[in-house]
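J.: dropping the sequence and predicted coords here.
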Amino acid sequence: MIEVQHLHKSFRVHVRQAGWLDAVRHLWKRQYQVVEAVKDISFTIPKGEIVGFLGPNGAGKTTTMKMLAGLLHPTSGKMSVGGFVPFEQRPEFKKMMSLVMGQKSQLIWDIPPMETFLVNKAIYEIDDRIFRRTLDELVELLELQPLLTKQTRSLSLGQRMRCELAAALLHRPAILFLDEPTIGLDVHTQEKVRRFIAEYNREHQTTILLTSHYMGDVTALCDRIMIINYGQLIYDGELSVLTEKLAPYKRLEVRFSEVPNARWEDYGEVAEIEDSRVVLRVNRERVAEVSAHFLQHFHVHDINIQDPPMEEVITRAFQEELSHGS
Ligand SMILES: Nc1ncnc2c1ncn2[C@@H]1O[C@H](COP(=O)(O)OP(=O)(O)OP(=O)(O)O)[C@@H](O)[C@H]1O
């Protein structure tokens, strides 16, 4: 459904001079610098898959998404999105995909969301019956009924984002690019949006590429992740494989009425230790044996075994790349 080969994008940016004298001089002789935002990335995403696209600030995620959505022309490389070359901007291409950017609104600010929906109906030439059916489904899934006729500018961020998603999905795109769809939302609304995306994908087999700084979005929605750093793809594969490779331990949290005296470092790396609680990073192969030992020899109130937090795994992935690069 999405195929990208050796994609590059560089921007030519004007270098600003620090001092006013230099700034005046350079009015005549401007200096430019080339920023390589995306460097030779290749990947394929089959129909119906949700892929998490991760990377630190400025890594090249938005630039890649904009190229995939046809908003930016690549410097070089090949792309096929649903069989189309995005930057050719064919009307059929626009009808089969949607881009939602958490930081940018496509709703018309001064009118209620329902009127933006009607504008989209006209733009995408959606048949009356299909429009009604799709709208009903989206209104129900996203709980939009009370918001439809309110002024868009009066909506809260979370209410607006739910309307943004509806506006983006009215024409039933087969491919969805979601750039930070939950940014700035409270935990409850984030959860709602996540559930909606998962349900919508299940129902319609929509192909989704998602960027998010919230690891909760990624762990809830994506089995596969791609990590980009300094414009290069440094990982493309299952999230669980990355976790096993970079963090070959589990987080073992044990609660006691009072932490007993023990040589905790014999069991694993001590992450936290308090009055009634010990958190250890225990090698995956030893988790079962260590837990059994604790239950047998100590008066344990509760024991909890988890994968390491995703933030930790991703940070390690960046660090690995940096140490390879140096
Ligand atoms: N229009 C532009 N002109 C010049 N440089 C740009 C432009 N757009 C992006 N860049 C640069 O390209 C690089 C990649 O930016 P991009 O916005 O794709 O990163 P990102 O991974 O989406 O970051 P974030 O998580 O902060 O949104 C950055 O160095 C950025 O400054």
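T.: Ah, there it is.
J.: from now on I want contacts and neighbour counts done on CA atoms only, so please keep to that.
T.: Fine.
J.: residue 125 versus whichever residue of the stretch 201-326 of the chain sits closest to the ligand, what's the distance?
T.: Across the stretch 201-326 of the chain, the shortest distance to the ligand (Cα to the nearest ligand atom) belongs to residue 231, at 7.0 Å. Relative to residue 125, residue 231 is positioned 37 Å away (Cα to Cα, to the nearest Å).
J.: which of these two has more residues huddled nearby?
T.: More crowded of residue 231 and residue 125, by other Cα atoms under 10 Å: residue 231, with 25 against 12.
J.: who's in contact with that one?
T.: 36-41, 59-60 (Cα atoms under 8 Å, 6 or more residues apart in numbering).
J.: for the residue of the stretch 201-326 of the chain closest to the ligand, which non-adjacent residue is closest in space?
T.: Counting by Cα to Cα, 6 or more residues apart in numbering, residue 231 lies nearest to residue 38, which is 4.0 Å off, once chain neighbours are set aside.
J.: verify the stated contact: that neighbour with residue 66.
T.: No: the criterion here is Cα atoms under 8 Å, and residue 38 misses it with residue 66 at 11.5 Å.
J.: who's more crowded, these two?
T.: Neighbours were counted for residue 38 and for residue 66 using other Cα under 10 Å; residue 38 has more, 26 against 18.
J.: just list whatever residues bridge to the more buried one.
T.: Beta-bridge partners recorded for residue 38 (DSSP bridges): residue 9.
J.: how far away is it from residue 237?
T.: In terms of Cα to Cα, residue 38 sits 19 Å off from residue 237.
J.: still on that earlier bit, export the contacts of residue 231 to TSV and tack on distance to the ligand and pLDDT?
T.: Output for the contacts of residue 231, formatted as TSV (distance: Cα to the nearest ligand atom, whole Å; pLDDT from 0 to 100):
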residue	distance to the ligand	pLDDT
36	7	95
37	4	96
38	7	97
39	10	96
40	14	95
41	13	97
59	4	91
60	3	95
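J.: enumerate the residues of this structure near the ligand.
T.: Residues of the chain found near the ligand (Cα under 6 Å from any ligand atom) are 11, 13, 37, 55-63.
J.: from those, list just the buried residues.
T.: By neighbour count, with 16 or more other Cα atoms under 10 Å, the residues of the chain next to the ligand hold 37, 55, 59-63 as buried.
J.: quick one: pLDDT of the residue nearest the centre of the chain?
T.: In the chain, the residue lying closest to the centroid (Cα atoms, centre = their mean) is residue 211, at 2.2 Å. pLDDT recorded at residue 211 is 92.
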